[in-house]
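*Asks:* Provide a 3D model corresponding to the input given below.
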Amino acid sequence: TPHPGFTSAQLSAVATVQVMGATPAVRQLSPGEGPATGGTAVQVHLAGFPPIASISDLVITLGGIPVASPALSYADTRYAAATFTTPTTPAGLATLRIEHA
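*Replies:* So this is what the prediction gives:
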């Protein structure tokens, strides 16, 4: 169901989430869709994501395009939240990929 205020032609919904370099699980993705024009603030809650030394060690892409302003915070040693701003992408489904550089 499209997000209120967005038309289906503007949506760039996340179809697949791939987390590389570890075996974490995605617990929550919010929001799950947004405009293809980008600029949407997204938060992904991860379980089992290993700690990283620097945000530069984290690569997040949406539809193969690097996201803006990535950040990672830890609730404890088992749970992390990745936040970022979506880039402009083609309308339609896109793959969200999170990996260690």
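
*Asks:* tally up the residues packed near A91, please.
*Replies:* 15 (other C-beta atoms under 10 Å). Bear in mind the C-beta positions are built from the backbone N, C-alpha and C, glycine included.

*Asks:* mind pulling up the pLDDT for it?
*Replies:* Predicted confidence (pLDDT) for A91: 89.

*Asks:* same question, G38
*Replies:* Per-residue confidence (pLDDT) for G38: 92.

*Asks:* same check, this time on the one 5 residues further on
*Replies:* Among the per-residue scores, Q43 holds a pLDDT of 91.

*Asks:* OK, contacts around it?
*Replies:* Taking C-beta atoms under 8 Å, 6 or more residues apart in numbering, we find Q43 in contact with 28-30, 81-83.

*Asks:* what helix or strand is it located in?
*Replies:* strand 41-47 (DSSP states H and E).

*Asks:* and the next helix or strand after that strand, how far out from the chain's middle?
*Replies:* Downstream of strand 41-47, the first helix or strand assigned by DSSP H and E is strand 58-62. Its chain's average C-alpha position is 7 Å from that of strand 58-62, according to C-alpha atoms, centre = their mean, to the nearest Å.

*Asks:* mind checking the SS state of the nearest residue to Y74 once chain neighbours are set aside?
*Replies:* Ranked by C-beta to C-beta, 6 or more residues apart in numbering and with sequence neighbours excluded, the top spatial neighbour of Y74 is A80, at 5.1 Å. Using DSSP: H, G, I helix; E, B strand; the rest coil, the structure places A80 in strand.

*Asks:* nice, that's everything, thank you.
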